[in-house]
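**Q** Mind looking at a prediction? Sequence and model below.
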Amino acid sequence: MNWLYGILIYWAAINIVTFFVYGIDKWKAKRSKWRIEESTLLWWAAFGGSIGALLGMKAWHHKTQHRKFTWGVPAILIAQIAIVGVIIYYLLI
């Protein structure tokens, strides 16, 4: 069961980091600073931070007008839920 704790720690950490990465990018946007690439923001979501990305979009009001994010991040979350569901299903068989 140690692997389960490792997965949960990873999942929590990547979502927290992703949330703040979205906030940092919003902060930089307001100050006309160097920005984090959109592809990088989406990769953070894809590597497990989709909930953090959605919360960051909502909290920071960031990337909410971009279809790539308003459709892409929820699609990534749905795919991740499906993958976890399949893994759990096969572990329980």
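**A** Ah, there it is.

**Q** which SS class is W34?
**A** coil (DSSP: H, G, I helix; E, B strand; the rest coil).

**Q** what's the closest non-adjacent residue to it?
**A** Closest residue to W34 apart from its sequence neighbours, by Cβ to Cβ, 6 or more residues apart in numbering: K28 at 6.6 Å. No exception for glycine: its C-beta is placed from N, CA and C like everyone else's.

**Q** By residue count, what's the longest helix in this structure?
**A** The single longest helix within the chain, with elements called by DSSP state H, is helix 2-30.

**Q** Which elements pack onto the helix or strand immediately after that one in the chain?
**A** For helix 2-30, the succeeding helix or strand toward the C-terminus, using DSSP states H and E, is helix 38-44. Contacting helix 38-44 under the criterion 3 or more Cβ pairs under 8 Å, 6 or more residues apart in numbering; DSSP states H and E are the following elements: helix 2-30, helix 50-60, helix 67-70, helix 72-92.

**Q** sorry, back to before: list the contacts of the residue nearest to W34.
**A** K28 is in contact with 34-36, counting by Cβ atoms under 8 Å, 6 or more residues apart in numbering.

**Q** Distance of it relative to T18?
**A** Going from K28 to T18 by Cβ to Cβ, to the nearest Å gives 16 Å.

**Q** before we move on, what about Q65?
**A** Applying Cβ to Cβ to Q65 and T18 gives a distance of 19 Å.

**Q** Compare neighbour counts for the two and give me the winner.
**A** The residue with more neighbours, out of Q65 and T18, is T18; 25 against 8, by other Cβ atoms under 10 Å.

**Q** Skipping its backbone neighbours, what lies nearest the more buried one in space?
**A** Counting by Cβ to Cβ, 6+ apart, the residue nearest T18 is G49, at 2.9 Å.

**Q** ok, that neighbour - contacts?
**A** Contacts of G49 (Cβ under 8 Å, 6+ apart): 14-15, 17-19, 21.

**Q** Now the buried members of those.
**A** For these, a neighbour count by 16 or more other Cβ atoms under 10 Å gives the buried set as 14-15, 18-19, 21.
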